[in-house]
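Enquirer: Predicted coordinates and the sequence they were generated for:
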Amino acid sequence: MKRLILTLALLLVVAGCGYHLPGRGTTLPDDVHSVVILPFGNSTTEPFIETHLTNEIRDQFLRRRTLQVVEDKEGADAVLSGSVSGYSVAAIAYDADDDIAEYRVTIHALVTLQRVDNERIIWHGEVSWNDEFRSSPDRAHQDYNEKIAQDEVCKRLAQEVYNRLTDNF
């Protein structure tokens, strides 16, 4: 009898804890079913980073299918817009000769989800992410390493935007 009561109590605690998988939440308003994702702006000097982030966010929404992604405001319940507000690359590790061995790239973005009908803001936030990449004496190879880090940061930022919109983390 004690085992049964203990098992039921444990099941109630686990069932009531509110845990759920990221990206599976329901914090969006019930009447928002479709979204148009506008091209992001770029207030940094890093060229094309806004295009890459916009594409990653669009891909994230298309993969998860919580909201239908549409091409224009006419068919949308909400508009997702934003801007890359910061981009930096900083040295974070040095070798024995005091040469830079590793860098960290950091990207910040401001994102807004707004209703189409009355232009009220559903969600607004700032997201940022960073990743490291190795230095190289070959400039082309170092630029390639930075591009790989940018790809990873944009992908993680897109996941973060999606999770914050759907789960309000």
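Expert: Noted; the coordinates are in hand.

Enquirer: Where does pLDDT dip in the protein?
Expert: 4, 6, 8-26, 168-169 (pLDDT under 70).

Enquirer: Going along the chain, name the strands of it.
Expert: 34-37, 41-42, 68-70, 78-94, 100-115, 121-134 (DSSP state E).

Enquirer: okay, those strands, which one's buried deepest?
Expert: strand 34-37 (a mean of 21; mean count of other C-beta atoms under 10 Å). For the C-beta atoms, the positions are set from N, CA and C on the backbone; glycine is no exception.

Enquirer: For that strand, list the C-alpha coordinates in PDB.
Expert: The C-alpha trace of strand 34-37 is given here as PDB (Å, rounded to 0.1, in the frame of the first residue of the first chain):
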ATOM      1  CA  SER A  34       0.400  32.400 -39.600                       C
ATOM      2  CA  VAL A  35       3.500  34.700 -39.700                       C
ATOM      3  CA  VAL A  36       5.300  36.600 -42.300                       C
ATOM      4  CA  ILE A  37       9.100  36.900 -41.600                       C
END
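
Enquirer: Determine the longest helix present in the protein.
Expert: Counting residues, the longest helix in the chain under DSSP state H turns out to be helix 139-167.

Enquirer: got the buried residues for that one?
Expert: Buried residues in helix 139-167, counted by 16 or more other C-beta atoms under 10 Å: 142, 145-146, 149-150, 152-167.

Enquirer: Also stretch 43-50?
Expert: Those would be 44, 46, 49-50, for stretch 43-50 by 16+ other C-beta under 10 Å.

Enquirer: Adding distance to residue 90, write those out as JSON lines.
Expert: Compiled in JSON lines, the buried residues of stretch 43-50 are given as follows (distance: C-beta to C-beta, whole Å):
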{"residue": "44", "distance to residue 90": "14"}
{"residue": "46", "distance to residue 90": "14"}
{"residue": "49", "distance to residue 90": "16"}
{"residue": "50", "distance to residue 90": "21"}
